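[1] can't give you the sequence, but here's the structure:
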């Protein structure tokens, strides 16, 4: 197909065809035929063509442009967002460790607060409390 031929007309169209069908290739490179074929290449239907109006084309182009811009922005922002999230995770981890250490320190008494009891020797068998009183009075 020659673009400069006066007998050639090109229109932008929306195509509707049944699900699970495909278009056969045309003898013109890159072109498809308007027949809807199944996986066995049997004719299922003819495709329906609808004229594409300017508003629909403009909306489609704008949507594609916005999607592309959003994708580029997300790709550029991703390293910065990841860095900030890693910083936040690090801060939260450090805060959790500090809280755990403080809790452990509060749970363990300091040496100065510990009351130490000295063991007392019990009297041997056979010695009564009277003998102990004598020792205490003498000593």
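    Everything's here; your move. A quick note: this is a predicted structure, and the numbers were derived from the prediction, not measured.
[2] Have a look at the protein and report its longest helix.
    Longest helix of the chain, by residue count under DSSP state H: helix 54-107.
[3] for it, packing partners?
    For helix 54-107, not one helix or strand is in contact under the criterion 3 or more CB pairs under 8 Å, 6 or more residues apart in numbering; DSSP states H and E. Bear in mind the C-beta positions are built from the backbone N, C-alpha and C, glycine included.
[4] i'd like the first residue to be 460 from this point on
    Okay, using 460 as the starting number, the last item reads as helix 513-566.
[5] And for residue 526, the neighbour number?
    Counted with other CB atoms under 10 Å, residues neighbouring residue 526 total 10.
[6] Next one, pLDDT for it please.
    We have a pLDDT of 84 for residue 526.
[7] got a list of what it touches?
    If you count contacts by CB atoms under 8 Å, 6 or more residues apart in numbering, residue 526 has none.
[8] Look up how far residue 514 lies from it.
    Using CB to CB, to the nearest Å, residue 526 is found at 18 Å from residue 514.
[9] can you check residue 536 too?
    From residue 536 to residue 514 the distance is 32 Å (CB to CB).
[10] And for residue 521?
    In this view, residue 521 and residue 514 are 10 Å apart by CB to CB.
[11] what do those two both touch?
    By CB under 8 Å, 6+ apart, no residue touches both residue 521 and residue 514.
[12] For residue 497, which non-adjacent residue is closest in space?
    Nearest residue to residue 497, sequence neighbours excluded (CB to CB, 6 or more residues apart in numbering): residue 503, at 5.2 Å.
[13] Touching, that neighbour and residue 483? I think so.
    No: between residue 503 and residue 483 there is no contact under CB atoms under 8 Å: 11.5 Å.
[14] more neighbours, these two?
    For residue 503 versus residue 483, neighbours defined as other CB under 10 Å are more numerous around residue 503 (15 against 12).
[15] What residues of stretch 490-498 count as buried?
    In terms of neighbour count (16 or more other CB atoms under 10 Å), stretch 490-498 has its buried residues at 494, 495, 496.
[16] how about the first one, what does it touch?
    With contact set as CB under 8 Å, 6+ apart, residue 494 has these partners: 482, 483, 502, 504, 505, 506.
[17] Relative to residue 518, how far out is the fourth one?
    As judged by CB to CB, residue 504 and residue 518 stand 28 Å apart.
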